[in-house]
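Asker: can't give you the sequence, but here's the structure:
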């Protein structure tokens, strides 16, 4: 099964390059540029739009919607809700990044409010953020994760059951949790957390894959696998987080089949 | 005539470096950083300001105004109108980038609303955007162009006649259209469309040239020529869109006379 | 004393890497990404948050607050004031960057309004900005400095006396002014002003140091020293402002003790 999934992921990476899904992002100011560049480098087509007057129309022409609360404020949340409902109405996938959930009540509550407003296809966060969505007393430090991924897996399973969507937990090991399976990706590199917005890029990439792949577990795995493999290979050519950002975009753009299969470390297990 | 224009363009590139025109940008969140860096690298001086309370004052001290609706919303459009009217009052050039016109009604209508609010010096867009401004039934895919530049030239001529300004259409070939002439620039490279905001950088550069060159056709050609030449040379040193962005800034900064004249491919024809 | 201070600065640089202070930034759209990356590369932990609903909570968990008016508007200023008062209440350091003060009345008045709303720990600006805060008739060109640093030192001393905080003036020579001493840093490079947001990164770095060092004069000197040394060394590896931005992040990340002591040019004098 493992090798078959790896083969599927690579086919999916080529599919994104070929079909260039349009990904509508309502995301934070910090990463708009880098998320757009990550999507373009992977072959997808990004659009950023947040005006209440146009988000419905933009959802209509997009393959998927990405919501990210990294620099949230009321008007943006309002626009996210409108876009979310429209995507639900049209059956389009919605990927959610609860940036900084747990850091402030406003973020945690807003994240939960969004989760109760509509249906999500995938939620991707670091361990702290995922845990904050199920626990009422976890406090995180800003937007960086302060707990290990493993300790968040149980929270992820609860979240999966509650919201019936795929849960991704980014960290040293990435976990992708479906109703009955859990995928682990052992790629990436510590230095990636020293570049701002790498998690947000992962979320955006998942948006690209969900836009054209009907099996959302497979789509989420594909996005996280591309992220981990491209990031890990980029680190090897980098002398710090500045050059890493650049090499990461280049690697997304030109990742080869050989590089992918030589690097990817994936395992999938049933847990129920 | 062709060679004389090439000589003029190079003189203009040096003039921007020498005079460092102040370009006031009311632009989108995605490209604020990259547009500022493109202007700085070319020797101009960027300022980003969108508060209604200060846009008039900022227009007053600037050499030109750039309006870009990439991530539009009501308050930003209001500020653009105030700045536009002030620039018109003072006779300062205004460059317009109708990002994503055609993608949603809100964008198309906002673009037309702005065009009817004041006078523009140059409009720069990709083929889809330019066509959306004259056609009521063209639908574009997000913010990327889906039609060829050549098919947009007729639309560009109509737009030129309607709004009495220079029209630039970016694409494989760049077209710059005046009342009676059309310039073609055969530079640039396909990979440039895999870096977000390259079109917006072109618009910002045109802003710099219009700020110090009275012949706006020549100014627009100069901006597009610098863009195409620097981009094309940068691609040669790049292994993907990440490094392209970096090499592009470096090339804007250090482009030499020899590089420019060896690379520029320009032709200008009368069409009436 | 000089050498002792150099030793302290290096210890502080290592301290930021070890303790990873959380720096809450309410800053401008142009530099959010680059400021976050500068903080991460130096070992700090950035968070960007501007919603009135959460700024108090974010201040509470942060080590320091950075306010930057680069792309100001009413709601953002309101949030800055709330955050400022909360930081004052909790005794947390606040660093202020009056971007473009002097360019428009709105900026100058907003900067002064903020200065009168609460207490600041450090103010960092270029010469024009610092002078605009004390003089009523200085006009600057956009956001770039048009006067020499030396001519701003007297203004800086007045500002220090008026607001009882450390004043940093960035330029060819960086000046850091306390109640009775003035430090000069003779590092950095002209090319750094051709990268957007370098001044804002300096402010953000000072935010990191004030977050963990109680002597704010020493903290401000440390931030400016790291900025100047890393920038100067990065320029040597760069062929333009594009690569400079990248090498700067890498150098912040991996600056060695030997590089630091071989490069730093610092002198401190009493002036009263």
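Answerer: Great, that's in hand. Everything numeric here is computed off the predicted structure, so don't read it as measured data.
Asker: So which residues of the stretch 51-200 of chain A form helices?
Answerer: All helices of the stretch 51-200 of chain A, identified by DSSP state H, counting those that start in this stretch, fall at A:55-61, A:74-90, A:105-117, A:127-134, A:149-163, A:198-210.
Asker: just checking, what packs against the shortest one?
Answerer: Counting contacts by 3 or more CB pairs under 8 Å, 6 or more residues apart in numbering or on different chains; DSSP states H and E, helix A:55-61 packs against strand A:22-26, helix A:74-90. Where C-beta positions appear, they are placed from N, C-alpha and C, glycine not excepted.
Asker: what does that helix contact?
Answerer: A:22, A:24, A:26, A:47, A:49, A:65, A:79, A:82-83, A:86-87, A:90, A:92, B:103-106, B:139, B:141-142 (CB atoms under 8 Å, 6 or more residues apart in numbering or on different chains).
Asker: Just the buried ones from these?
Answerer: Neighbour counting with 16 or more other CB atoms under 10 Å in any protein chain shown marks A:22, A:24, A:26, A:47, A:49, A:65, A:79, A:82-83, A:86-87, A:92, B:103-104, B:106, B:141-142 as buried within the contacts of helix A:55-61.
Asker: what about stretch A:40-47, distance to the chain center?
Answerer: Its chain's C-alpha centre lies 14 Å from the corresponding centre of stretch A:40-47 when counted by CA atoms, centre = their mean, to the nearest Å.
Asker: quick check, that stretch touching chain B?
Answerer: Yes. Residues of stretch A:40-47 contacting chain B under CB under 8 Å from any CB of the partner chain: A:40, A:41, A:45, A:46, A:47.
Asker: of the residues you listed, closest to chain B?
Answerer: Checking the residues of stretch A:40-47 next to chain B against chain B with CB to the nearest CB, the nearest one is residue A:47 at 3.9 Å.
Asker: The closest one should be in a helix, yeah?
Answerer: No. If the criterion is DSSP: H, G, I helix; E, B strand; the rest coil, then residue A:47 is strand and not within a helix.
Asker: picking up where we left off before, possible to save the helices and strands packed on helix A:55-61 as CSV with distance to residue B:265 and mean pLDDT?
Answerer: Listed next are the helices and strands packed on helix A:55-61 as CSV, based on distance: least, CB to CB, whole Å; pLDDT from 0 to 100:
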stretch, distance to residue B:265, mean pLDDT
strand A:22-26, 32, 98
helix A:74-90, 43, 98
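Asker: Where does pLDDT dip in the stretch 101-250 of chain A?
Answerer: A:136-146 (pLDDT under 70).
Asker: again, only using 80
Answerer: A:135-151 (pLDDT under 80).
Asker: Kindly report the residues of it close to chain B.
Answerer: Counting by CB under 8 Å from any CB, the stretch 101-250 of chain A sits next to chain B at A:245, A:246, A:247, A:248, A:249, A:250.
Asker: 10 Å instead?
Answerer: Counting by CB under 10 Å from any CB of the partner chain, the stretch 101-250 of chain A comes close to chain B at A:234, A:237, A:242, A:243, A:244, A:245, A:246, A:247, A:248, A:249, A:250.
Asker: gap between residue A:222 and chain C?
Answerer: 26 Å (CB to the nearest CB, to the nearest Å).
Asker: what about that residue, helix or strand, and which?
Answerer: helix A:216-236 (DSSP states H and E).
Asker: which is the next helix or strand following that helix?
Answerer: Defined by DSSP H and E, the subsequent element after helix A:216-236 is helix A:241-254.
Asker: just checking, what packs against that following helix?
Answerer: Helix A:241-254 sits against helix A:2-19, helix A:32-42, helix A:198-210, helix A:216-236, helix B:241-254, helix C:32-42, helix C:241-254, with contacts defined as 3 or more CB pairs under 10 Å, 6 or more residues apart in numbering or on different chains; DSSP states H and E.
Asker: Same list (the ones you listed) but as JSON lines, adding distance to residue A:61 and mean neighbour count.
Answerer: As requested, these are exported to JSON lines (distance: least, CB to CB, whole Å; neighbours: other CB atoms under 10 Å in any protein chain shown):
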{"stretch": "helix A:2-19", "distance to residue A:61": "14", "mean neighbour count": "16"}
{"stretch": "helix A:32-42", "distance to residue A:61": "16", "mean neighbour count": "28"}
{"stretch": "helix A:198-210", "distance to residue A:61": "15", "mean neighbour count": "30"}
{"stretch": "helix A:216-236", "distance to residue A:61": "20", "mean neighbour count": "25"}
{"stretch": "helix B:241-254", "distance to residue A:61": "24", "mean neighbour count": "26"}
{"stretch": "helix C:32-42", "distance to residue A:61": "27", "mean neighbour count": "28"}
{"stretch": "helix C:241-254", "distance to residue A:61": "33", "mean neighbour count": "26"}
